[in-house]
Structure formats: C-alpha cells, structure tokens
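# Prediction below, plus the sequence it came from.
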Amino acid sequence: MLSKLKTSFQDWFGSDPLLVARPPGTFVKGINLGGGEVTIEGYAWEAYSTALSQGLTIPDAASTVTSVQPTPYIKPQVRQMLNSVVYRRHRLEIQQILPNGAYQVYLWMMENYQPNWHSFEVSLADQTVATGIGKLAIGQWMRYGGYPAIVDEGILRLAIVAENPEIDAHLMGISIFAAEARSFTAS
C-alpha cells in the first residue's frame, strides 16, 4: 500500500531524473515500439501500428509488453513505453522513411530479462555509432544518443546487434530530432 502511494505521489509531482534536458533540435518523430500512443517529454509519440503504416519497417521482429518497474523512477507514459518492446534474435534492423537531412537519433532501452544480459552495437547507415550499450540492471533504463545520422535516400537505416548471436536485440522506443546546424558535424 505504501509503495503504491509513493508511486502515485511521484506520478503527480516527481520529475524524470534522466530527462532533465530536452534534446537539441526539432522533434520529428517518436515511436513507441510495440505499444500505443504516448506523450514523452511533451512530444506526441506514435503507436507502433501507426508507425508501421507510415513508413516504419522492422523485418521479422516480434513485439511484446512487459510489466517491469523501471529504475530510476519514471512517469507513467514513459513507463508504458519502456514496457513495450520489439525484438529479434541477434540483429534488429529498422528503417524509417524520412526527408533527406541531418538528424539526431535517441534509443530507449530497459533491461527486462536479467541483469547485464544485453550488450549491443548500434549502426546508422551502416556506420557504427555505439558499442557496448544496453548492459543494465534489471529494470534500469537509458535513453542513448543522440547519434548523428544523415538521410540522403529518404530512409533512416538503424541496426541494433547483440554481441552474443544467441541473444535477442531489442528496443523500446526511438525518438528522432532534426539536427541543429551547430550541433551536428558529419565525419
């Protein structure tokens, strides 16, 4: 009873400790992978089914909903997003139709199976942008990024690869921002 009261209090008055600063740039799209519409950081995110009908493709992926309590505390809409997930054995490939341009991509992950079970490499447009992400305690979550991406053929290409080929690659949410000219440099 006391823990439910504490959670209710935090839902109304608490802050989201990892979401203090909004990402730079202009919000383009947020997708709740495997779940419904949510509002996160004041932005309306699309439901997974809507995104699939509007240019998102994730070949051979499965989706599910979990009921893990995220740590640190997070408000209900983000908690809902973190408990919906798309996954695929070893390599999860995601494509999203977008106008050509420069973007910052943020990936939302939570460990929902075993502590430190996952470890991923992330690539955008076939270029590795991160390695070793996803090693988290059970219920721990992170917003990784912003990873720079250039879209020049109308499609953002993202791959999340589990370091162990026997483990699923998974992702809970993705948010995309048009990059500000001063915060983005191409290599």
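Here it is on my side, so go on. Residues are numbered from 1 along each chain as shown.

# any weak-confidence spans in this structure?
1-22, 181-187 (pLDDT under 70).

# All the helices of it, residue numbers only.
2-13, 48-53, 76-82 (DSSP state H).

# Tell me the gap between the last one and the middle of its chain.
Here helix 76-82 shows a centroid-to-chain-centroid distance of 11 Å under the convention Cα atoms, centre = their mean, to the nearest Å.

# Report all helices and strands that that helix contacts.
strand 38-40, strand 101-110 (3 or more Cβ pairs under 8 Å, 6 or more residues apart in numbering; DSSP states H and E). Bear in mind the C-beta positions are built from the backbone N, C-alpha and C, glycine included.

# Check those strands for me and report the most buried one.
With neighbours taken as mean count of other Cβ atoms under 10 Å, the helices and strands packed on helix 76-82 reach their highest mean count in strand 101-110, at a mean of 22.

# does Tyr147 have beta-bridge partners, and which?
Applying DSSP bridges to Tyr147 gives these bridge partners: Val105.

# these two touch, right, it and Leu124?
Yes - if you go by Cβ atoms under 8 Å, Tyr147 and Leu124 touch, sitting 5.8 Å apart.

# overlap in contacts of the two?
Listed contacts common to Tyr147 and Leu124 are Val105; contacts here mean Cβ atoms under 8 Å, 6 or more residues apart in numbering.

# ok, these two, which is more surrounded?
Leu124 (21 against 17; other Cβ atoms under 10 Å).

# For the more buried one, give me its contacts.
Taking Cβ under 8 Å, 6+ apart, we find Leu124 in contact with Val105, Tyr147, Pro148, Ala149, Leu156, Arg157, Leu158.

# Please identify which pair of these lies farthest apart.
Within these, two members stand farthest from each other by Cβ to Cβ: Pro148 and Arg157, at 13.6 Å.

# With neighbour numbers in mind, choose between those two.
The neighbour comparison of Pro148 against Arg157 (other Cβ under 10 Å) goes to Pro148, with 19 against 16.

# isn't the more buried one right next to Gln104, touching?
Yes - counting by Cβ under 8 Å, Pro148 does reach Gln104; the two are 6.4 Å apart.

# can you tell which of the helices and strands packed on helix 76-82 is closest to Val78?
Of all these, strand 38-40 comes closest under Cβ to Cβ, at 5.5 Å.

# which helices and strands sit right next to that closest one?
Under the contact criterion of 3+ Cβ pairs under 8 Å, 6+ apart, strand 38-40 touches strand 26-32, helix 76-82.

# Leu92 is nearest to which of the ones you listed?
Nearest to Leu92, of all those, is strand 26-32, at 13.3 Å by Cβ to Cβ.

# Of all the residues in that closest one, which ones are buried?
By 16 or more other Cβ atoms under 10 Å, the buried positions in strand 26-32 come out as Phe27, Val28, Lys29, Gly30, Ile31, Asn32.

# what's the burial count for Trp118?
Actually, residue 118 is His rather than Trp. His118 has 23 neighbours, counted by other Cβ under 10 Å.
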